[in-house]
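In: I'd like to go over a predicted model; first the sequence, then the structure.
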Amino acid sequence: MPDDVTSPPPADLYRRLLLCRRFEEVVAEQYREGRVPGPLHLALGQEATAVGVCAALRRTDVITSTHRGHHHCLAKGADVDRMMAELLGRRTGYSAGRNGSMHIADPDVGLLGTNGIVGGGLPIATGAAFGLQVQGRDDVAVCFFGEGATATGNFGEALNLAALWALPVVFVCENNRFAELTPSSTHVAGEVWQRAEAYGFPGVRVDGGDVHAVAAASHEAVARARAGDGPTLLEVMTYRLSGHYVGDPAEYRDEAEAQAWRDRDAVVRARADLAETDAAAIDDEIETLLAGAVERALAAPAADPEELG
Amino acid sequence: MTTRPLKFWQGVNQALHQEMERDEKVVLVGEDVGGPGGPYGVTRNLRATFGPNRVRDTPISEATIAGLGVGAAAVGLRPVVELMFFDFCMLAMDQIVNQAAKYRYFTGRSLPLTIRTMSGSGGSYGAQHCQSFEAWFAAVPGLTVVMPSNARDAKGLLKSAIRSDDPTLVIETFGLLTARRDTPVDEDFLVPLGVAETRRTGDDVTVVATGRMVDRALEAAERAAADGVSVEVIDPRTIAPLDRATIVGSVSRTGRLVVVQEAPAPFSVAAEVCALAVEECFGRLRAAPVRLCAEFANVPTPQDLVEARVPGVDTIHAALLKVAE
């Protein structure tokens, strides 16, 4: 999008947010039917992070994602049918149904990979930014990671190196308040966004319930990276309404806290920005898209034991 | 083809110069690689020749050094990353094993990444700088592992690794850095990945030796010849994928196998080579395969203790005579 626009049209935003939300809800239904091999980590409630950040990106920009990466993939433009097929273990999936939810990648749209290793994308995004810089491209790398990853050594290494080389990278810490089954108060010391200051580049905290705020902050960080002025650490304060995995009873969650987040749900608010008829049309469009994706995936052959890689 | 008697490190250096000259997508990153040209001068003059954009000194951040290679290769470069000692690769295991090695599996795309590291064997650097981990990496699907034993192969294998479209770990050996071998200077000279070299032909015993043990095996074979035992010496050069055909062909003919390596025996390359011989040459074996390896002990620092831990020429010679009885 043009550099002077910081947020897409409301209908586009709602469409993207709803796609993220409904994609995961539909996949969860398939999981409960026993059709999804492997674990499934949902990010319900966090939609505004991926949608807001990726609104600032071009197709040729690259991202690294996480084990909780469906939103990032969808927001960066991954193909819904191939994602659904991969999650359902079908040969028409991104890697022929062999890898499932945690290993979706599509370099054609700049998605270098989701990742089964917490913090594993930090060095890779840093390396991608280095590669873009060496080639003189004005594309940027965005690294999505959770606040749990800030406790890894990769976090310190990547921030230091990105600062030293003024790399075109945006570190997006998606603070969803939980690392697996443990609240962040148990594993994060201090404030994540403030750690950038020690390395000499901007750290910004933004409300992850407000997709416009996320988009605006991302736009600024991406523009800085594109201009060759180096990295930004963006801490998006969001909330994971789902458990760590589908089936996790999430007894560690404070129900009042979760309800407070539901009450200001970014998807619901984005819908309220539209006329009812426009919103209803988008609802139908997404339902048709997802129902078709499931139908096509289930009609495709299952992953083939002869195609181990 | 014109050759010159290059030292091992000169072979590496020449390979890097030639490949960086040939392809501007080749870059070099690592600790101390730029200004000083590495702690032993292996990468000297590269930054002066190719500039600070393509040759960069990194902080001491091994995981992210490896990650620089993964990410840069994913966006179109052909990076060479240096992890100063093999032992330091332990800090980069996730990026090498979980990320680089699986990139093609997850994406269907190439990842033209070369990781250079140095086994400290032959030096007096002790238990955290001299270990031999080649079997660990050889056990990972998606990684190519090469281990040159001389200047010629160091040059030709590194050039092939850089031109390869998949992640390749190149293990250089400290104790060989100043050893010379006639090496083609031509920029088109390559040593193919996955192809062993038969360094000496013989009929009675097959020796498979790696790294610093190759020259010792050759010397022991020379002595054995004087004793009337004809020894064939094979240097696999590439550990993974192993050139099984060359080894099986030789052992099938001689019926006797001695494997010499600087790593301890348990769960090692020597173990794999012996298993190969038993599986593929069982009916033709005339003696039990023999492994001559480092003791299963930590690497000491004093040079005499270092040498006491690994097979010497006398030990190899004696084993050759015994197995040929």
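Out: Right, received. Where do you want to start?
In: Now the residue lying closest to B:Gly255 once chain neighbours are set aside: phi and psi?
Out: Excluding its sequence neighbours, the residue lying closest to B:Gly255 (CB to CB, 6 or more residues apart in numbering or on different chains) is B:Arg286, at 3.6 Å. Backbone N, C-alpha and C define where each C-beta goes, glycine included. Here the main-chain torsion angles of B:Arg286 (degrees, to the nearest 10) amount to phi -110, psi -10.
In: ok, B:Arg286 - how many residues close by?
Out: A total of 12 residues lie near B:Arg286 under the criterion other CB atoms under 10 Å in any protein chain shown.
In: what's the residue positioned nearest the centre of chain B in contact with, if anything?
Out: For chain B, the residue nearest the mean C-alpha position is B:Met147 (0.9 Å; CA atoms, centre = their mean). For B:Met147, the contacting residues are B:119, B:134, B:171, B:173, B:210-211, B:236-239, by CB atoms under 8 Å, 6 or more residues apart in numbering or on different chains.
In: in what helix or strand does the closest residue to it other than its chain neighbours lie?
Out: Using CB to CB, 6+ apart and skipping residues adjacent in sequence, the residue nearest B:Met147 is B:Ile171, 4.5 Å away. Using DSSP states H and E, B:Ile171 sits in strand B:168-173.
In: what does the following helix or strand past that strand contact?
Out: Using DSSP H and E, the helix or strand that follows strand B:168-173 towards the C-terminus is strand B:180-184. Residues from elsewhere that reach strand B:180-184 (CB under 8 Å, 6+ apart): B:1-8, B:10-11, B:14, B:150-152, B:155-156, B:189.
In: try 6 Å this time
Out: Residues from elsewhere that reach strand B:180-184, judged by CB atoms under 6 Å, 6 or more residues apart in numbering or on different chains: B:1, B:3, B:5-7, B:11, B:150-152, B:155.
In: quick one: which of these is most hemmed in?
Out: Ranking these using other CB under 10 Å puts B:Gly11 first, with 31 neighbours.
In: Tell me how many other residues surround B:Asp57.
Out: Neighbour count for B:Asp57, taken as other CB under 10 Å: 15.
In: Run a quick check on it versus B:Gly34, I expect a contact.
Out: Yes: contact criterion CB atoms under 6 Å: B:Asp57 and B:Gly34 qualify, at 4.2 Å.
In: How about the residues of chain A by chain B?
Out: A:95, A:103, A:105, A:107, A:112-113, A:117, A:120, A:123-124, A:126-128, A:130-132, A:134, A:154, A:157-158, A:160-161, A:309 (CB under 6 Å from any CB of the partner chain).
In: Any quick ChimeraX command for the buried ones out of the residues you listed?
Out: Buried residues among the residues of chain A next to chain B (16 or more other CB atoms under 10 Å in any protein chain shown), as a ChimeraX selection:
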select /A:95,103,105,107,112,113,117,120,123,124,126,127,128,130,131,132,134,154,157,158,160,161
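In: mind listing which of the residues of chain A next to chain B are in helices?
Out: Within the residues of chain A next to chain B, residues falling in helices by DSSP state H are A:123-124, A:126-128, A:130-132, A:134, A:154, A:157-158, A:160-161.
In: Let me have those in a markdown table, extended by distance to B:Val278.
Out: Shown next, in a markdown table, are these (distance: CB to CB, whole Å):
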| residue | distance to B:Val278 |
| --- | --- |
| A:Pro123 | 41 |
| A:Ile124 | 41 |
| A:Thr126 | 46 |
| A:Gly127 | 42 |
| A:Ala128 | 45 |
| A:Phe130 | 47 |
| A:Gly131 | 45 |
| A:Leu132 | 50 |
| A:Val134 | 49 |
| A:Asn154 | 42 |
| A:Glu157 | 44 |
| A:Ala158 | 46 |
| A:Asn160 | 50 |
| A:Leu161 | 47 |
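In: Relative to B:Glu197, how far out is whatever residue of the stretch 151-300 of chain A ends up closest to chain B?
Out: The nearest approach of the stretch 151-300 of chain A to chain B comes at A:Glu157, 3.8 Å away (CB to the nearest CB). Note on A:Glu157: its distance to B:Glu197, by CB to CB, to the nearest Å, is 39 Å.
In: now A:Cys173
Out: A:Cys173 is 51 Å from B:Glu197, by CB to CB.
In: Of those two, which one has the most company?
Out: A:Cys173 (27 against 17).
In: The more buried one: what secondary structure?
Out: Following DSSP: H, G, I helix; E, B strand; the rest coil, A:Cys173 is assigned to strand.
In: Which helix or which strand is home to the nearest residue in space to it that is not next to it in sequence?
Out: Once flanking residues are discounted, A:Cys173 sits nearest to A:Glu235: 4.6 Å by CB to CB, 6+ apart. Per DSSP H and E: A:Glu235 is located in strand A:232-237.
In: circling back to that earlier point, now, which of the contacts of strand B:180-184 lie within strands?
Out: B:3, B:5-7 (DSSP state E).
In: Tell me the one of those residues nearest A:Ile282?
Out: B:Leu6 (67.3 Å; CB to CB).
In: Let's see the pLDDT reported for the closest one.
Out: pLDDT for B:Leu6: 98.
In: That one bridge partners, please.
Out: For B:Leu6, the beta-bridge partners are B:Arg181 (DSSP bridges).
In: so it touches B:Asn150, yeah?
Out: No: B:Leu6 sits out of contact with B:Asn150 when judged by CB under 6 Å, with a separation of 9.4 Å.
In: Which stretches in the chain count as strands?
Out: Since no chain was named, I'll use chain A. Using DSSP E, strands in chain A cover A:62-64, A:111-113, A:141-146, A:169-175, A:178-179, A:182-183, A:203-207, A:232-237.
In: not quite, I wanted chain B
Out: B:3-7, B:26-30, B:55-57, B:78-83, B:114-119, B:144-146, B:168-173, B:180-184, B:197-200, B:205-209, B:231-235, B:238-240, B:257-264, B:290-294.
In: What is the neighbour count of the residue in the stretch 151-300 of chain B positioned nearest to chain A?
Out: In the stretch 151-300 of chain B, the residue that lies nearest chain A is B:Asp166 (12.4 Å; CB to the nearest CB). Residues near B:Asp166, counting by other CB under 10 Å, number 19.
In: Tell me which helix or strand in chain B has the weakest average pLDDT.
Out: For chain B, counting by mean pLDDT, DSSP states H and E, helix B:303-309 ranks last in confidence among helices and strands (a mean of 94).
In: what's that helix packed up against?
Out: The helices and strands touching helix B:303-309, judged by 3 or more CB pairs under 6 Å, 6 or more residues apart in numbering or on different chains; DSSP states H and E, number zero.
In: That one: which residues count as buried?
Out: By neighbour count on 16+ other CB under 10 Å, the buried set for helix B:303-309 is B:306, B:309.
In: Just the CA atoms of that helix, as PDB, please.
Out: The C-alpha trace of helix B:303-309 is given here as PDB (Å, rounded to 0.1, in the frame of the first residue of the first chain):
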ATOM      1  CA  GLN B 303      50.300 -32.200  23.500                       C
ATOM      2  CA  ASP B 304      51.700 -35.500  24.600                       C
ATOM      3  CA  LEU B 305      48.400 -36.400  26.300                       C
ATOM      4  CA  VAL B 306      46.600 -35.300  23.200                       C
ATOM      5  CA  GLU B 307      48.700 -37.700  21.100                       C
ATOM      6  CA  ALA B 308      48.400 -40.500  23.700                       C
ATOM      7  CA  ARG B 309      44.600 -40.400  23.200                       C
END
